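> here is my input, please return the structure:
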Amino acid sequence: MALPGRQETLTRRGRYLIRRERLKDVLVVLFFLALPLLLFSPVTIGDRSLVPFDNLYTFQPWQTFAESMEVGVPHNELLSDLLLENYAWKSFIVEALRDGQAPLWNPYLFAGVPFLAAGQHSALYPFSILFYILPVPRAYGWFTVLHLFLAALLMHFFVRKLNVGRLGATAAGVTYALSLFMIVSVDFPMVIAARLQCLE
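Numbers count the residues shown, from 1 in each chain. Below you'll find the predicted structure:
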């Protein structure tokens, strides 16, 4: 039979160990948040954007002003979809919401086209709220950071469920979140959002 004093000591020690393990978990979560925030700080807290606005100057009428705006050859013309499609969609959604309307119909294409029914714009995706509360160019950076953070965290949880230790699970989380596929896809918000859904 255990003595009451000894039992209290064991309980105190058990609480200490639990707090210590929780602290380690909190540190892992903070590490997962700090890593993409550090990597993408120029587009979250800095003055840069993931949107390749320089690509706009390869098209008329903006091409005429490229020299006077000191815009040379675009960094990567292959990323024009983000500017010409996704940025335009997000801006249209924000404009419609500011006007108190649901973005059901896009009057800017041809004689108008259904918008909300198309789906690729991800207007109803829960994390798209970042685009509605932040300036759209800045929201792309925060959207990316949030998804890379969640990718690392969810992979960590998944690997921990497979009975892998904390260090191995942390390495798995970092490896998945910063994998080539994820980093190359940051300019395509719907792709990193879809990859995150694979873990949920």
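> name the helices or strands packed onto the helix ranked longest in the chain?
Selection of the longest helix in the chain by residue count, based on DSSP state H, yields helix 4-39. Using 3 or more Cβ pairs under 8 Å, 6 or more residues apart in numbering; DSSP states H and E as the contact definition, the elements that helix 4-39 packs against are helix 136-161, helix 166-177. C-beta: built from backbone N, CA, C; applies to glycine.
> most packed of these?
For the helices and strands packed on helix 4-39, ranked by mean neighbour count under the definition mean count of other Cβ atoms under 10 Å, the leader is helix 136-161 at a mean of 21.
> for that one, name the packing helices and strands.
Applying 3+ Cβ pairs under 8 Å, 6+ apart, we find helix 136-161 packed against helix 4-39, helix 41-44, helix 88-98, helix 129-133, helix 166-177, helix 189-197.
> of those, which is nearest residue 115?
helix 88-98 (7.1 Å; Cβ to Cβ).
> quick one: that closest one to helix 189-197, angle?
Using axes from the mean of the first three to the mean of the last three Cα atoms, to 10 degrees, the interaxial angle of helix 88-98 with respect to helix 189-197 works out to 90 degrees.
> please save the CA atoms from helix 88-98 in CSV.
Extracted in CSV, the C-alpha atoms of helix 88-98 (Å, rounded to 0.1, in the frame of the first residue of the first chain):
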residue,chain,number,x,y,z
ALA,A,88,-8.5,38.7,-60.9
TRP,A,89,-10.9,36.2,-59.3
LYS,A,90,-9.9,37.1,-55.8
SER,A,91,-10.2,40.8,-56.6
PHE,A,92,-13.6,40.3,-58.1
ILE,A,93,-14.8,38.3,-55.0
VAL,A,94,-13.6,41.1,-52.7
GLU,A,95,-15.2,43.7,-54.9
ALA,A,96,-18.5,41.9,-54.9
LEU,A,97,-18.5,41.3,-51.1
ARG,A,98,-17.7,45.0,-50.5
